[in-house]
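*Asks:* Got a sequence here, can you model it:
(4 chains)
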Protein chains: 2
Amino acid sequence: MMFFSIGDLAHKTGVKVPTIRFYENIGLLAEPMRTEGGQRRYSADDVARLSFIRHARQLGFEVEDVRELLVLSADPDRPCAEVDGIVYRHLDDVKQKIEKLSALQKELERMVCGSRHGSIGECRVIQVLADHDMCESDVH
Amino acid sequence: MMFFSIGDLAHKTGVKVPTIRFYENIGLLAEPMRTEGGQRRYSADDVARLSFIRHARQLGFEVEDVRELLVLSADPDRPCAEVDGIVYRHLDDVKQKIEKLSALQKELERMVCGSRHGSIGECRVIQVLADHDMCESDVH
DNA sequence: CGTACAACCTCTAGTAACTAGAGATGCAAG
DNA sequence: CTTGCATCTCTAGTTACTAGAGGTTGTACG
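*Replies:* Residues are numbered from 1 along each chain as shown, chains lettered A, B, ... in the order given. Sure thing, here's the model as predicted:
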């Protein structure tokens, strides 16, 4: 069992079959060998590479970052600075998103707080949406 | 000055001109009057509606939710339950996203923590990416 | 009244990262 | 040899816009 099908690769890595083909299309994965009939055949190296990709994607790295990380990881003698840079940038991005979402959460909770009413005519939510001044202004 | 151009509307609401046309295309905004030459002309009602849309979008509601909120807001006698439903669903969504991002943040910080090394050969980040078991397993 | 020119018009395509589907072919088990 | 699941390629759809091409209108100024 040296080589296996795209379905097997999907199973081993948890990446769906169409996504594997997509990664090949955009050059994240190299074109694999083919059977005479034209079906893809993969090796253990492909499992490692695709697992790396999947893991990086799960950690929220963009595909272009993953591409860069793959290039860097292939070169053991280079300094780590570039890798660190990518990670720190991503981390900042994540923190910013958390900030924004927390502000949203607060505003949404403010909106529905005390929302015991009856009809839309006096619906606080609708009123707030219609009048921006009812929000905490610096949020958005 | 009863009616104004798309540029004026953009200025009054903070929504960009192409976005206004886009909202008209997808039916969020009604087709406005036109000059003889075919240019759009808007009224104060359009400012109110578009401001509502912008505000809802800034609060993270999807366009389809905004559409629904607009329908509901036009009907003052209906109960508020549907509006509340939309808001609570969105709020849950926001909370879930915060959860996920916080987990990511933690994992990323774990990854770079103590990342004083030299070359990619012993780069902790690359190692973690290559080996999922180095992560806290329940996160992803 | 003529003209310059910013603002407007429509339409298409591009973004991110896949996912779904159509229609055709391969492969392996019984 | 047949059955049927897996695979193949290719196109289009998702979200919410944004960018650009190529052409027209409105208005302010002289």
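*Asks:* only C-alpha atoms for contact and neighbour calcs from this point on.
*Replies:* Will do.
*Asks:* max-length helix in chain A?
*Replies:* Scanning chain A for the helix with the most residues, using DSSP state H, yields helix A:81-112.
*Asks:* tell me the angle that one makes with helix B:81-112.
*Replies:* Helix A:81-112 runs at 160 degrees relative to helix B:81-112, counting by axes from the mean of the first three to the mean of the last three CA atoms, to 10 degrees.
*Asks:* next SSE after helix A:81-112?
*Replies:* On the C-terminal side of helix A:81-112, the closest following helix or strand by DSSP states H and E is helix A:124-130.
*Asks:* who are the neighbours in contact with the closest residue to DNA strand D within chain A?
*Replies:* Using CA to the nearest atom of the strand, the point where chain A gets nearest to DNA strand D is A:G7, with a distance of 3.1 Å. Residues near A:G7 by CA atoms under 8 Å, 6 or more residues apart in numbering or on different chains: A:V17.
*Asks:* Would you double-check that it falls in a helix?
*Replies:* Yes. Under DSSP: H, G, I helix; E, B strand; the rest coil, A:G7 sits within a helix.
*Asks:* Least confident secondary structure element in chain A?
*Replies:* Least confident helix or strand of chain A, by mean pLDDT, DSSP states H and E, is helix A:124-130 with a mean of 91.
*Asks:* Give me the helices and strands touching it, please.
*Replies:* If you count contacts as 3 or more CA pairs under 8 Å, 6 or more residues apart in numbering or on different chains; DSSP states H and E, helix A:124-130 packs onto helix A:81-112, helix B:44-58, helix B:81-112.
*Asks:* Would you check that A:L69 makes contact with A:V83?
*Replies:* Yes. Look at A:L69 against A:V83 with CA atoms under 8 Å: they come within range, at 6.6 Å.
*Asks:* what is in contact with the two at once?
*Replies:* Listed as contacting both A:L69 and A:V83 by CA under 8 Å, 6+ apart are B:I126.
*Asks:* who's in contact with the most centrally placed residue in chain A?
*Replies:* For chain A, A:G60 is the residue whose C-alpha lies nearest the centre (CA atoms, centre = their mean; 3.8 Å). Residues in contact with A:G60 (CA under 8 Å, 6+ apart) are A:H90, B:L104.
*Asks:* how about it, secondary structure?
*Replies:* Under three-state DSSP, A:G60 comes out as coil.
*Asks:* ok, now A:E36?
*Replies:* Secondary structure assignment for A:E36 (three-state DSSP): coil.
*Asks:* For the host helix or strand of A:I20, buried residues please.
*Replies:* According to DSSP H and E, A:I20 maps onto helix A:17-25. For helix A:17-25, a neighbour-count test (16 or more other CA atoms under 10 Å in any protein chain shown) marks A:I20, A:R21, A:Y23 as buried.
*Asks:* hmm, that helix touching DNA strand C?
*Replies:* Yes. Against DNA strand C, helix A:17-25 shows contacts by CA under 7 Å from any atom of the strand at A:P18, A:T19, A:F22.
*Asks:* I'd like to know which elements that helix is packed against.
*Replies:* When contacts are defined as 3+ CA pairs under 8 Å, 6+ apart, helix A:17-25 packs onto helix A:6-13.
*Asks:* Please compute how far the helix it packs on lies from its chain's middle.
*Replies:* Chain-centre distance of helix A:6-13: 20 Å, with CA atoms, centre = their mean, to the nearest Å.
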